[in-house]
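Engineer: Can you look at this prediction? I've put the sequence above it.
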Amino acid sequence: MIDFRTYKLENGLRLIVHEDRSTPLIAMNLLYDAGSRDEDPSKTGMAHLLEHLMFCGTENIPEYDLPLQLAGGENNAFTNNDITNYYITLPAANVETAFWLESDRMQAPGFSDRKLEVQKSVVIEEFRQRYLNQPYGDAMLLLRPLAYKSHPYRWPTIGVEPEHILGITLEDVRHFFDRHYNPGKAILTLTGNITPDRAYELSQKWFGPIQAGKDHVRKLPAEPEQTGERRLNIERNVPADALYKAWHMGPRSGSDFHTMDVITDLLAGGESGRLYNRVVRDLNLFSEINAYITSDIDPGLVVVTGKIMKGVDIDKAEQAVDQVIQELIDSGIPDNELEKVKNRYESSSVLSNTSILNKAMNLSVFELLGSVSSINTEVEAYRAVSKLMISEAANMYLKPANCSTLWYLASKNQGK
């Protein structure tokens, strides 16, 4: 059980505090309700680019990292489809340094054309290295627009293409920042060696004077129901064929979320997963295989990915995957197999929440989802998943008409 206190400042900033006197440290997590789904379709990659720019210093604090290092702290950030998340860990005695740094760049980020051009180059190079010049790196650049036709989940966080990032202007950055980076769109969470009263006092001091910002109602196009199988075959200079399959599922707060998460663990929960045992160990069709859910706030995806052994026909390999999934639907789940998956989730949840930083992130996310107290009932939600729920959800989502399939084929002209 994680005890916490919640507050809301007059400017809309939500504050969550979990006191933990067993550590000399404090974790600060600042979540902004803004991700790649909030981008202009012609200027994708904006949210991730802005994350980079936020570390470039302001007029008041020219070098963000230096004061934090002097205070004995560490920091980082990440952007995904739904959020941009900044976090700091530092000694409790120096916590005000974190408040000073984060509040400063929330109200005076110090953008400039020079900084923008430098960070555009950095992000474009990351795009090329991780997605375009990496074997299989562009798979999600291909699979997402195959699965999504309307919703902005159709592009990944990095963006559609480097040209989108190249075309972003300083005015574009400022507009995105003004719309999404303000107290009303932020959740500030502190965990560790700090009292709720002290956290609230410092939050009022450093964040209280910041203006709330204009109201912005998110209006995203809903993804229409997929009613027919979609397929795409491409060739690349890679060592082996690969298979990617994606099915639509419900949102993160939906009633089927925990069930679908359990299903992917049953299919590919390490070497005990059904897919690994059948298509890797027994049939020797794949060298590796995985299954996961994207955990998006809006309706997301169930994804199966696998690298196929050389000489194996990809159609045969895909049929074997489909058969394993169909067997899960038709045959039911033995009690001990389901219990093993639930036990694994419970142990990983307990282990995760021994970290003050993980607790800070998790509290922030549950608050964004609408119920921060759900952090204490998440294990029970997984425990409640039944064999009937698994059968019904698998039947509903894991059907051919709801599936998008990418055959990522090794080029036959390699080395010529």
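Structural biologist: Received, thanks.

Engineer: Now do stretch 281-292: everything it contacts.
Structural biologist: Stretch 281-292 has contacts (CB atoms under 8 Å, 6 or more residues apart in numbering) with 240, 243, 264, 267-268, 271, 273, 275-276, 279-280, 302-309, 312, 316-317, 320-321. Heads up, the C-betas are built off the backbone N, CA and C, glycines and all.

Engineer: Sort out for me which of the residues you listed are in helices.
Structural biologist: Using DSSP state H, the members of the contacts of stretch 281-292 that fall within helices are Thr264, Leu267, Ala268, Leu275, Lys316, Ala317, Ala320, Val321.

Engineer: Distance check, the closest residue to the third one other than its chain neighbours against Asp256.
Structural biologist: Going back to what we said before, that points to Ala268. Once flanking residues are discounted, Ala268 sits nearest to Ala291: 3.8 Å by CB to CB, 6 or more residues apart in numbering. According to CB to CB, to the nearest Å, Ala291 and Asp256 sit 16 Å apart.

Engineer: which of the two has more neighbours?
Structural biologist: A direct count of neighbours by other CB atoms under 10 Å for Ala291 and Asp256 places Ala291 higher, at 24 against 18.

Engineer: Give me the secondary structure label for that one.
Structural biologist: strand (DSSP: H, G, I helix; E, B strand; the rest coil).

Engineer: cool, Leu90 as well?
Structural biologist: Leu90 - assigned by three-state DSSP - is strand.

Engineer: Skipping adjacent residues, who's closest to it in space?
Structural biologist: Leaving aside its sequence neighbours, Leu90 sits nearest to Gly73 (CB to CB, 6+ apart; 3.1 Å).

Engineer: hang on, the earlier thing: pLDDT value on the residue nearest to Ala268, please?
Structural biologist: Model confidence at Ala291, given as pLDDT, is 97.

Engineer: mind listing the strands in this protein by residue range?
Structural biologist: With DSSP state E as the criterion, the chain has strands at 5-8, 14-19, 25-32, 74-79, 84-91, 186-192, 230-236, 242-248, 286-293, 301-308, 403-410.

Engineer: Mean neighbour count, these: which tops it?
Structural biologist: Counting by mean count of other CB atoms under 10 Å, strand 186-192 has the highest mean neighbour count of the strands of the chain, with a mean of 28.

Engineer: name the helices or strands packed onto that one?
Structural biologist: Identification of packing neighbours for strand 186-192 by 3 or more CB pairs under 8 Å, 6 or more residues apart in numbering; DSSP states H and E yields strand 14-19, strand 25-32, helix 95-107, helix 356-369.

Engineer: buried ones in the last one?
Structural biologist: It refers to helix 356-369. By 16 or more other CB atoms under 10 Å, the buried positions in helix 356-369 come out as 356-368.

Engineer: So Glu318 sits against Thr405, correct?
Structural biologist: Yes: here Glu318 reaches Thr405: they are 7.2 Å apart, a contact under CB atoms under 8 Å.

Engineer: what do the two both touch?
Structural biologist: Shared contacts of Glu318 and Thr405, defined by CB under 8 Å, 6+ apart, are found at Leu243, Lys245.

Engineer: dump the residue contacts of Leu31.
Structural biologist: Contacts for Leu31 (CB under 8 Å, 6+ apart) come out as Ile83, Thr84, Asn85, Tyr86, Ala186, Ile187, Thr189, Met361, Ser364, Val365, Leu368.

Engineer: Look up which residues are beta-bridged to Ile187.
Structural biologist: On the basis of DSSP bridges, Ile187 is bridged to Arg14, Leu31.

Engineer: From Pro196, how far out is it?
Structural biologist: Distance from Ile187 to Pro196, counting by CB to CB: 16 Å.

Engineer: again, but for Glu318
Structural biologist: Taken as CB to CB, the span from Glu318 to Pro196 is 54 Å.

Engineer: go on, Ala27?
Structural biologist: 15 Å.

Engineer: What backbone torsions are found at the nearest residue to Glu126 once chain neighbours are set aside?
Structural biologist: Spatial nearest neighbour of Glu126, excluding adjacent residues (CB to CB, 6+ apart): Ile158 at 7.2 Å. The phi/psi pair for Ile158 (degrees, to the nearest 10) reads phi -70, psi -20.

Engineer: tell me the contacts of Ile158?
Structural biologist: Ile158 sits next to Gly45, His48, Val123, Glu126, Phe127, Arg130, Tyr131 when contact means CB under 8 Å, 6+ apart.

Engineer: which one of these sits closest to Lys205?
Structural biologist: The shortest approach to Lys205 among those belongs to His48, at 30.9 Å (CB to CB).

Engineer: tell me the contacts of that closest one?
Structural biologist: Contacts of His48 by CB under 8 Å, 6+ apart are Ser36, Thr79, Val123, Thr157, Ile158, Gly159.
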